[in-house]
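Visitor: model the following, please.
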Amino acid sequence: MSASSSSTNRWKWRALAVIPILLLSLGPQIHFWLERGSQWHGAYATLNADEFLYSGYVNALIEGRPRRCDPFTGRDHQLLETAFSIQVVPSFVLSSIARILGLSASTTFIALAAAAGLLASLAVFWLLFSITSDHRLAAAGVLFVLLTGTIFAGQGLIGVLLKLDIVSLGLPFLRRYQPAAPFFLFFIFCTFIWRALTTDNSLRARLQALLAGLSLAILVFSYLYLWSAALAWSACVGLLWLLLRPAGQRRQSLEVFAIVSVMFALAVVPYAYLVSNRSRTLDELQTLISTHRPDLFRLPEIIGALIVVILIVCIRRNKVQTSDSRVIFAGSFALLPFIVFNQQVLTGRSMQPFHFESFIVNYVVLVGAVILASLLWQNIPRRTLLWVASLCILLGVVEVELVAGPFSRTDTAKDEMIPVLRRLDQLPAQNGSAVFSPYLELNQILPTWTRHGTLLAIGAIDFGSASHEERKEFLYTHLYYSGATAERLRALFNGIPEELGLSYYVKYATFGHERVRPLYALDFHPLTQDEIETEVNAYAKFVDTFSREQALKHPLTYAIADEKFDFNRVDRWYERNAGERVGTYTLYQLNLRK
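Guide: Residues are numbered from 1 along each chain as shown. Now for the predicted structure:
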């Protein structure tokens, strides 16, 4: 085969890896565009229920608001650090690009889905090709890793079929902007480590180590679960490398890990300072659990254990050598799940480990499986790789379709709200006042399109701007103006199928995540009817005693509703103007009655 023909063949396999991922990354948005047609107003298709928090924050930064702001309450100052203000690299990069190009936060999120898919596929391909030197296996491996990672996290299709308490549908690595934006950097970091350890040129090794350290430093300020997994993996591969590789290579290896460690230390010192100034609600949000209990039976651990067992068998049968750099890397990727899911055995602290399971470790352990395949089969038939690729693409299509269905109704509702939000954004925002709307979807996306705060303050816990009692007061006041009775609140606590989002938020804001979903607690204790009745009675008393003083605590400037909404309770305390009809909603200006 000629050199040009070989090069063309390599590019075909690279395209096989990249193009399907790119198309599937945009799949939900394409589905939404086709569904809305000429009626589309600019909404992005939701990939994960939490994305409105991130798009609201990106919009706030686009508008020039400070790093420590809460776009959902409209508060900008005297706030403590949160996960958003600490892990700020992705949001700063996205908002800067958006300002330069004149993009909205919603359009930025649409572009991010494509960019994240493209960068992730290229990064995984580079890692696999660097280790295996097989572009065909690397291409098929990209599809295997990125498109089956959902299944091997117990999420998506398999989670639905087994009726598990799932947190992700579709392709979890595309959740915007965490982990979508920095996801590729984890695999870039691993590739730099590989290149630094396997080169014979000491100067090149130092440069690669420096780039690896820089990647890790950026991850520190990007996403907790990515950088902590990267740190755990580097410690694992470093230990295995020093133990199993020839003694003559130890000096260069130690130099590589020393450079990476110094870079990490330079990043983690300011990071630790920011964390020390965090809001106390951050600990409440993360539901930090005190435990030394081992966690050994998650799906990534089972896969990792299988890889380790196969490696041990192959070593004993002299099919592979322990000193083989590919064996070491495959083993380190396979062992990573046991480290991140069991670090609490030593530290006594566990913080939402399902994030590791859904957003990174599931993909990493599959990289180990692909490397293992390259060790067991020197030349995998082209037809076999094409069948694997086709099956992975089919599974990817199914996973993406799972996202389009559940979010279709709410995405359509949000898209129909955008015209009135664009008009609202043209009106001045008053410090300390909020916008009222009885619709959950509007309260979710309002900060993505305007700089106004909302009465519901649905992101207050995430942005550390309100205590638990304040959040309950926001919720009660919102329900009061919405006309909700005690009976309606009881129904929301018990779950209304047509309003699952609001039902979940009411329970979460009142009792906390750990009382609502088992995956947030070590020993889950579901809500009791007595606890529900206590809160229902408290809300009934709140309604009966609502006063002007209570109205003054959370003043309203604007209200948005459709023609069916009953403004009776709002009109008791506020004067409304005639209103401005925009699309299917009416925007009112409010003035507190004297």
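Visitor: C-terminal to whichever strand or helix holds F356, what's the next element?
Guide: Using DSSP states H and E, F356 sits within helix 354-359. Scanning forward in sequence from helix 354-359, with DSSP H and E defining helices and strands, the next element found is helix 361-376.
Visitor: give the buried residues for that following helix.
Guide: Of the residues in helix 361-376, 361-375 count as buried by neighbour count, 16 or more other CB atoms under 10 Å. C-beta: built from backbone N, CA, C; applies to glycine.
Visitor: of all those, which comes closest to W387?
Guide: Comparing these against W387 with CB to CB picks out A373 as the nearest, at 13.8 Å.
Visitor: contacts only, for that closest one.
Guide: Applying CB atoms under 8 Å, 6 or more residues apart in numbering, one finds that A373 lies in contact with L137, G141, I380.
Visitor: next: S222.
Guide: S222 is in contact with Q87, V89, P90, A181, P182, L185, counting by CB under 8 Å, 6+ apart.
Visitor: need phi/psi at the second one.
Guide: Geometry field for V89 lists phi and psi as phi -60, psi -50, criterion degrees, to the nearest 10.
Visitor: that one: how many residues sit nearby?
Guide: With neighbours defined by other CB atoms under 10 Å, the count for V89 comes to 18.
Visitor: related to what we said a few turns ago, list the buried ones in the helix holding F356?
Guide: Along helix 354-359, the positions that meet the burial threshold by neighbour count (16+ other CB under 10 Å) are F354, H355, F356, E357, S358, F359.
Visitor: do stretch 292-300 as well
Guide: Of the residues in stretch 292-300, those scored as buried under the neighbour-count criterion (16+ other CB under 10 Å) are D295, R298, L299, P300.
Visitor: now do the same end-to-end measure for it.
Guide: Using CA to CA, to the nearest Å, one end of stretch 292-300 lies 20 Å from the other.
Visitor: identify the residues contacting it?
Guide: In contact with stretch 292-300 (CB under 8 Å, 6+ apart) are residues 152-154, 301, 337-338, 341-342, 344-345, 348, 350, 353, 357, 361-362, 364-365, 522.
Visitor: ok, which stretches of the stretch 101-250 of the chain are helices?
Guide: Ranges of helices within the stretch 101-250 of the chain are 105-132, 135-148, 156-162, 183-198, 202-220, 224-244, 250-276, based on DSSP state H, counting those that start in this stretch.
Visitor: and Q529, which of those is closest to it?
Guide: helix 156-162 (28.4 Å).
Visitor: which other helices and strands contact that closest one?
Guide: Where contact means 3 or more CB pairs under 8 Å, 6 or more residues apart in numbering; DSSP states H and E, helix 156-162 is packed against helix 382-425.
Visitor: after the helix it packs on, next one along is what?
Guide: Stepping forward along the backbone from helix 382-425, the first helix or strand reached (DSSP H and E) is strand 434-436.
Visitor: re earlier: between the contacts of A373, which sits nearest R488?
Guide: Nearest to R488 among the contacts of A373: G141, at 51.9 Å, using CB to CB.
Visitor: tally of neighbours for L80?
Guide: Summarising burial for L80: neighbours were counted as other CB under 10 Å, giving 16.
Visitor: re earlier: and the contacts of stretch 292-300, which are buried?
Guide: The neighbour-count test (16+ other CB under 10 Å) marks 152-154, 301, 337-338, 341-342, 344, 350, 353, 357, 361-362, 364-365 as buried among the contacts of stretch 292-300.
Visitor: need the max-distance pair from those residues.
Guide: The widest separation within the buried ones among the contacts of stretch 292-300, taken as CB to CB, falls between F152 and Q344 and amounts to 22.2 Å.
Visitor: of the buried ones among the contacts of stretch 292-300, the lowest pLDDT goes to which?
Guide: The pLDDT minimum for the buried ones among the contacts of stretch 292-300 sits at S350, where the score is 78.
Visitor: how about that one, nearest residue that isn't a chain neighbour?
Guide: Across the structure, with CB to CB, 6 or more residues apart in numbering as the measure, the residue nearest S350 apart from its sequence neighbours is Q344 (4.1 Å).
Visitor: mind checking how far that neighbour is from R278?
Guide: Q344 sits at a distance of 20 Å from R278 (criterion: CB to CB, to the nearest Å).
Visitor: can you redo the buried residues of stretch 292-300 as JSON lines with secondary structure?
Guide: Shown next, in JSON lines, are the buried residues of stretch 292-300 (DSSP: H, G, I helix; E, B strand; the rest coil):
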{"residue": "D295", "secondary structure": "coil"}
{"residue": "R298", "secondary structure": "coil"}
{"residue": "L299", "secondary structure": "helix"}
{"residue": "P300", "secondary structure": "helix"}
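Visitor: just give me the closest of the residues you listed to L243.
Guide: Relative to L243, the closest of these is P300; by CB to CB it sits at 23.5 Å.
Visitor: buried sites along stretch 225-238?
Guide: Residues of stretch 225-238 classed as buried by neighbour count (16+ other CB under 10 Å): 225-234, 236-238.
Visitor: with pLDDT as added columns, please give the residues you listed in JSON lines.
Guide: Putting those into JSON lines (pLDDT from 0 to 100) gives the following:
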{"residue": "Y225", "pLDDT": "95"}
{"residue": "L226", "pLDDT": "97"}
{"residue": "W227", "pLDDT": "97"}
{"residue": "S228", "pLDDT": "96"}
{"residue": "A229", "pLDDT": "97"}
{"residue": "A230", "pLDDT": "97"}
{"residue": "L231", "pLDDT": "97"}
{"residue": "A232", "pLDDT": "96"}
{"residue": "W233", "pLDDT": "97"}
{"residue": "S234", "pLDDT": "96"}
{"residue": "C236", "pLDDT": "96"}
{"residue": "V237", "pLDDT": "96"}
{"residue": "G238", "pLDDT": "95"}
